[in-house]
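A.B. asks: The following comprises the amino acid sequence and a computationally predicted model.
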Amino acid sequence: MTENLQSIRLQRLGQEKMGQKHPTPTQDATLTNNKLFISSNISAIMNKRGISVNLLKKGFQKRGISGVIVTVLLILISIIAVLVLYSLVKGLLREEKELTDAKTEIISFDAEIDKISFSQSKMNITIKRDMGQVTVKNVTVIEHTPIKADIISVVDLSGSMADYYCGDNDTCGLIENNLACVSAGCIWKDKVSQLKNANRDFVTKILGSDNRLGFVAYDKGVIPEFSINLTKSTSDLTDVVDSWVTRHGTCICCGITEAQNRLLNDTSVRKKVIILMSDGGAADDCSGGDPRADAINSSKNAHELGITVHSIGFGNLETTEEYNDTDDLVQIAKEGGGNFYYAYNNQLADVYTKAYTDIFTEYGQETYDHLKVVIYNSTSSCEFKIYNPPLPLETKTYVIDLCVSNPTRIDIYYVIITPSGKEVIGPKVDSWKIG
């Protein structure tokens, strides 16, 4: 016994002289416990995957593989098993998130059945869409993107904006004489008042979410006292609108360039948009050259810097052999990557609303698949799908074959197909009782 102890001491002494450290009895116990802990966890994971650790060990040992290599291999296999399990769990969580996101989008949809009529074996159903943000992307859900935009409304305060017109409905808008306008029960008013009303309403719409709005007013140049930088203050914006009066000149390139500079001076990561309004073509230049070419080039320059430029033509735009106001404004929108809108005398507020809708339809992508329409009678029901629902502020009529006789009720539902292919049917959008 003494000789054995002496031999062990000599062996350890020799190892220490060679730079090797031998574990103490306490370290031996710790290492043993760690091996047991690793082995037990490996066994548990492997057994869950249907793999026998003992069989693997025996297989390795038969091939003469050392215990250390066996342990390393088992650890690697266990890591693979854990990764597979993680992948499965991650997939389930992603699918659950898709369903949650889809249900959130469904709640945001707002539409209603406006009218229903029948003709022989056909049914005409008219669906009206209120304000909201949706974009069709094939037949799958893409993503929901929070809407944040900086918008500057560039307004024309040239002398022609003081002109009067007959207003308040489409019939009145066709009357060009003051006395005839009043005799028809219409209102004779100036264009700048229409501009003010449209932009007051625009302020309310833009600031309804996390967006900012500014104004740039122009005549023969920029009018600083009638302009305001980007802000979320409704009162500051409406105070500026209320102060607008007409001047002289029409420098469209001045207005676009000033709006561009104000948008780019702000470093926030937002969509940047200019809405240019004019009741005619450009009359004042920025470069000593052609005012119309300067206006178009200024829009092109803004777009190259990441700004979208929309244009609105207001009132009776002129067309001569030399120029066409409408064509110029269309070209400004085209070069600016935006849309052109025409507003007859009493339509300006509606056109600003349309522009607002288009901006946020483009940037706010709540994607959907279709509307599900269910038709009931007293004993049965049937359904059909509408893959092109109306966009915000749009009304559409659909003609369908009656699939049940004597219908008594019609329900419509908003449906999303998640990226994983699951159909999510939302709460009832609207219902219509017949008879």
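C.D. replies: Good, I have the coordinates.

A.B. asks: what residues go with each domain of the chain?
C.D. replies: With domains defined by automatic domain parsing, the chain comprises 24-108, 109-140+366-433, 149-363.

A.B. asks: out of those domains, deepest packed?
C.D. replies: Sort those by mean neighbour count, taking mean count of other Cβ atoms under 10 Å, and domain 149-363 sits at the top with a mean of 19. For glycine as for every other residue, the C-beta is placed from the backbone atoms N, C-alpha and C.

A.B. asks: which strand is the longest one in the chain?
C.D. replies: Once the chain is assigned using DSSP state E, the strand that runs over the most residues is strand 423-433.

A.B. asks: Which elements pack onto that one?
C.D. replies: Of the remaining helices and strands, those touching strand 423-433 by 3 or more Cβ pairs under 8 Å, 6 or more residues apart in numbering; DSSP states H and E are helix 67-108, strand 111-119, strand 409-417.

A.B. asks: quick one: strands adjacent to the helix or strand containing Tyr165?
C.D. replies: For Tyr165, the element it lies in under DSSP states H and E is strand 164-167. Each strand that strand 164-167 pairs with, and the sense of that pairing, follows from DSSP bridges: strand 187-190 (antiparallel).

A.B. asks: hang on, isn't Tyr398 packed against Ser117?
C.D. replies: No: using Cβ atoms under 8 Å, Tyr398 is not in contact with Ser117; the gap is 11.6 Å.

A.B. asks: ranking the helices and strands packed on strand 423-433 by mean pLDDT, which is last?
C.D. replies: Comparing mean pLDDT across those, the weakest is helix 67-108, with a mean of 68.

A.B. asks: Ser378 is in contact with Asn406, isn't it?
C.D. replies: Yes: because the distance of 7.3 Å satisfies Cβ under 8 Å, Ser378 is recorded as touching Asn406.

A.B. asks: which residues are in contact with the helix or strand hosting Val241?
C.D. replies: Here Val241 sits within helix 234-242, counting by DSSP H and E. For helix 234-242, the surrounding residues in contact (Cβ atoms under 8 Å, 6 or more residues apart in numbering) are Lys196, Asn199, Arg200, Val203, Thr204, Leu207, Leu213, Phe215, Phe226, Ser227, Ile228, Thr231.

A.B. asks: The same query, at a cut-off of 10 Å, please.
C.D. replies: 153, 155, 195-200, 202-204, 206-207, 212-215, 217, 225-229, 231, 233 (Cβ atoms under 10 Å, 6 or more residues apart in numbering).

A.B. asks: What about those, which are in strands?
C.D. replies: By the criterion of DSSP E, membership of the contacts of helix 234-242 in strands covers Ser153, Val155, Arg212, Leu213, Gly214, Phe215, Ala217, Ile228, Asn229, Thr231.

A.B. asks: Common neighbours of Tyr398 and Ser117, please.
C.D. replies: By the contact definition Cβ under 10 Å, 6+ apart, Tyr398 and Ser117 are jointly contacted by Met123, Asn124, Ile125, Thr126.

A.B. asks: quick one: which of those residues is nearest to Gly249?
C.D. replies: If you rank those by distance to Gly249 using Cβ to Cβ, Thr126 comes first, at 47.1 Å.

A.B. asks: Determine whether the claim that the closest one is in a helix is correct.
C.D. replies: No: using DSSP: H, G, I helix; E, B strand; the rest coil, the secondary structure at Thr126 is strand, not a helix.

A.B. asks: Report the secondary structure state of Met277.
C.D. replies: Relying on three-state DSSP, one would call Met277 strand.

A.B. asks: where does the stretch 301-435 of the chain have low pLDDT?
C.D. replies: Within the stretch 301-435 of the chain, the segments meeting pLDDT under 70 span 316-323, 345, 361-369, 391-393, 417-423, 426-427.

A.B. asks: I should have written the stretch 101-250 of the chain there, sorry.
C.D. replies: Counting by pLDDT under 70, the stretch 101-250 of the chain has low-confidence residues at 101-110, 130-147, 167-176, 208-209.

A.B. asks: ok, now with 80
C.D. replies: With pLDDT under 80 as the threshold, the stretch 101-250 of the chain has low-confidence stretches at 101-111, 120, 129-148, 164-179, 181-189, 208-210.

A.B. asks: Please enumerate the helices of this structure.
C.D. replies: Remark: helices assigned in the chain by DSSP state H are 2-17, 25-48, 53-62, 67-108, 170-173, 178-183, 191-206, 234-242, 252-264, 291-304, 325-335, 348-363.

A.B. asks: Taking helix 191-206 as reference, get the angle to the last one.
C.D. replies: By that I understand helix 348-363. 30 degrees (axes from the mean of the first three to the mean of the last three Cα atoms, to 10 degrees).

A.B. asks: counting contacts, what elements does helix 348-363 pack onto?
C.D. replies: Applying 3 or more Cβ pairs under 10 Å, 6 or more residues apart in numbering; DSSP states H and E, we find helix 348-363 packed against strand 149-156, helix 191-206, strand 271-278, strand 307-314, strand 337-343.

A.B. asks: Any chance you could give me that helix in CSV, C-alpha atoms only?
C.D. replies: Below are the C-alpha coordinates for helix 348-363, written out as CSV (Å, rounded to 0.1, in the frame of the first residue of the first chain):
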residue,chain,number,x,y,z
LEU,A,348,-60.3,71.6,-54.8
ALA,A,349,-61.0,70.2,-51.3
ASP,A,350,-62.0,66.8,-52.8
VAL,A,351,-58.8,66.7,-54.9
TYR,A,352,-56.6,67.4,-51.9
THR,A,353,-58.4,64.5,-50.1
LYS,A,354,-57.7,62.3,-53.1
ALA,A,355,-54.0,63.3,-53.1
TYR,A,356,-53.8,62.5,-49.3
THR,A,357,-55.4,59.1,-49.9
ASP,A,358,-53.0,58.2,-52.7
ILE,A,359,-50.0,59.3,-50.6
PHE,A,360,-50.9,57.1,-47.7
THR,A,361,-52.2,54.2,-49.8
GLU,A,362,-48.7,54.1,-51.3
TYR,A,363,-46.8,54.4,-48.1
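
A.B. asks: Cool, thanks, signing off.
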